[in-house]
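Chemist: Just need the structure, nothing else, for what follows:
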Amino acid sequence: MSLDVHLVLKCEGEVFSSNITHNLGKMASACGVYYACWRPEEIHCKKAKHILPMLEKGVELLQDYPAFYRTFDSPNGWGTYDNFLPWLIQYTNACKDYPEAKIRVSR
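Modeler: Sure, this is the predicted structure:
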C-alpha cells in the first residue's frame, strides 16, 4: 500500500505527483509530517502553502537527527529514512514552487 500525493493548479493542471509507502507512517508521525502528508484534510489544509511549514520542519528534524529517525526504518526494507528524506525534500520543494496548488492525496 502507498500514499499518492498530487499538487494541482486550476490553470495548469497537475504540477507535482509522487508516491511513497505507508510503511513510513511512523517516521512521518515522529517528525511531525504525517497529517500534512497523509491526511491534510483532517488538519484543514487544502493548499500547498498550508502544509509547507510542517514539511520544512520535518525535513529539518530528519536532517538533524538521522540516527533517531533510522530507528523507524521498516524491517523489510520497504520504507526507510534513506527513501523518506529525499521524497520529503522533493515534496517540500514542490510546495514552495506551487504554494497555491491544491493538495490531493489518495491512500
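Chemist: Does P40 touch V105 like I think?
Modeler: Yes. If you go by C-beta atoms under 8 Å, P40 and V105 touch, sitting 6.5 Å apart. C-beta here means a position set from N, CA and C on the backbone, and glycine is covered the same way.
Chemist: Okay, and the residue nearest the centre of the chain sits in which element?
Modeler: The C-alpha lying nearest the average C-alpha coordinate of the chain belongs to C37 (C-alpha atoms, centre = their mean; 4.2 Å). With elements taken from DSSP states H and E, the one containing C37 is helix 34-38.
Chemist: what's next to the helix or strand just after that helix, contact-wise?
Modeler: Where DSSP H and E defines the elements, the next helix or strand beyond helix 34-38 is helix 48-64. The contact list for helix 48-64, computed with C-beta atoms under 8 Å, 6 or more residues apart in numbering, reads 7, 28, 31-33, 35-37, 40, 44-45, 69, 81, 84-85, 88-89, 91-92, 94-96, 98-103.
Chemist: what comes up buried for the next helix or strand after helix 48-64?
Modeler: Using DSSP H and E, the helix or strand that follows helix 48-64 in sequence is helix 66-70. Of the residues in helix 66-70, Y69 count as buried by neighbour count, 16 or more other C-beta atoms under 10 Å.
Chemist: and the helix or strand just after helix 66-70, what other elements does it pack with?
Modeler: Sequence order places helix 81-97 as the next helix or strand after helix 66-70, per DSSP H and E. Packing contacts for helix 81-97, counted by 3 or more C-beta pairs under 8 Å, 6 or more residues apart in numbering; DSSP states H and E, involve strand 2-9, strand 13-21, helix 25-30, helix 48-64, helix 66-70.
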